[in-house]
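**Q** my questions are about this predicted structure, shown below with the sequence.
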Amino acid sequence: MGDVRWATFDCFGTLVDWRHGIATTAELLFPGRGPELLELYNKHERKVQAETPAMRYGGVLEEALRRATREAGLELREDDASALSATIPYWPVFPDVPRALADLRAAGWRLALLTNCDNVFIGESQRRLGVHIDAVVTAEHVGSYKPNPSHFTRFEESFGAMRDNWVHVAEGYFHDIEPAHALAIPRVWINRQGLTDDPSIADVVLPDLADVLNAVEQTHAAAQRR
């Protein structure tokens with residue numbers, strides 16, 4: 001399958017608006033505190049994933065939310081700890097996603113998701129994308145969370161992806177762009193948040209997915225010339 005062209009994507013943050021999903025759910029639990037809890041959750045999620053890489057994503061959601069509310073001085077009821085797991089199937093897809101994925105498929109690219117969630121959650125989110133996905137690698141499959149490189153190596157080994165025919169597209173700098181760079185996998189950074197991290201480690205930087213087909217084609221052409 002070395003001649004197959006693969007465009008792989010992170011899901012949450014790149015395709016699904018996880019910030020909206022977490023902030024809105026937190027706001028339901030603690031009115032007026034949603035944005036604050038989003039930022040605290042983001043900080044604690046990384047720590048939970050690093051400390052317990054074999055934990056299923058539902059457990060990560062619960063533990064990170066517990067730590068975030070505790071740091072914010074809020075009391076999280078035990079029966080509310082699963083709120084994020086309950087709402088994740090309804091977190092919205094970014095408006096630019098269906099067209100961008102459809103354009104890539106029409107141009108002959110196969111699509112895959114390399115995601116830090118588990119099999120059930122990605123199945124629930126995948127139905128909202130509106131485009132067939134050819135392959136999925138989850139944290140449940142590999143027993144670890146990005147930036148551990150296992151998602152990338154499992155995908156490469158399982159589907160015979162060649163790095164000069166593979167472009168990874170992601171919003172997450174820490175979870176995706178840095179490890180893809182370390183593995184010399186061609187990469188497009190979707191900097192939706194306007195972050196100031198070093199853009200030079202990405203082959204192309206975009207603010208959204210509107211022009212992702214051109215970016216992926218450009219990155220692929222450069223990889224072919226190396």
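**A** Looks like it came in fine.

**Q** burial count for L113?
**A** L113 has 24 neighbours, counted by other C-beta atoms under 10 Å. Heads up, the C-betas are built off the backbone N, CA and C, glycines and all.

**Q** report pLDDT for it.
**A** On the pLDDT scale, L113 is placed at 98.

**Q** what about it, which SS state?
**A** Counting by DSSP: H, G, I helix; E, B strand; the rest coil, the backbone at L113 sits in strand.

**Q** and it, what does it touch?
**A** Counting by C-beta atoms under 8 Å, 6 or more residues apart in numbering, L113 touches T8, F9, D10, C11, L15, I122, Q126, I133, A135, V136, V137.

**Q** could you find the closest non-adjacent residue to it?
**A** Spatially, and ignoring its direct neighbours in sequence, L113 is nearest to V136 (4.7 Å; C-beta to C-beta, 6 or more residues apart in numbering).

**Q** local confidence estimate at that neighbour?
**A** In this model, V136 is scored at 97, pLDDT.

**Q** contacts only, for it.
**A** By C-beta under 8 Å, 6+ apart, the neighbours of V136 are A112, L113, T115, N119, I122, Q126.

**Q** could you say which helix or strand contains the fifth one?
**A** The reference is to I122. For I122, the enclosing helix or strand under DSSP states H and E is helix 119-126.

**Q** export whichever helix or strand comes after that helix to PDB, keeping only CA atoms.
**A** Beyond helix 119-126 on the C-terminal side, the first helix or strand identified by DSSP H and E is strand 135-138. The C-alpha trace of strand 135-138 is given here as PDB (Å, rounded to 0.1, in the frame of the first residue of the first chain):
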ATOM      1  CA  ALA A 135      -8.900   4.000   9.200                       C
ATOM      2  CA  VAL A 136      -8.900   4.900  12.800                       C
ATOM      3  CA  VAL A 137      -6.200   4.500  15.500                       C
ATOM      4  CA  THR A 138      -7.300   5.300  19.100                       C
END
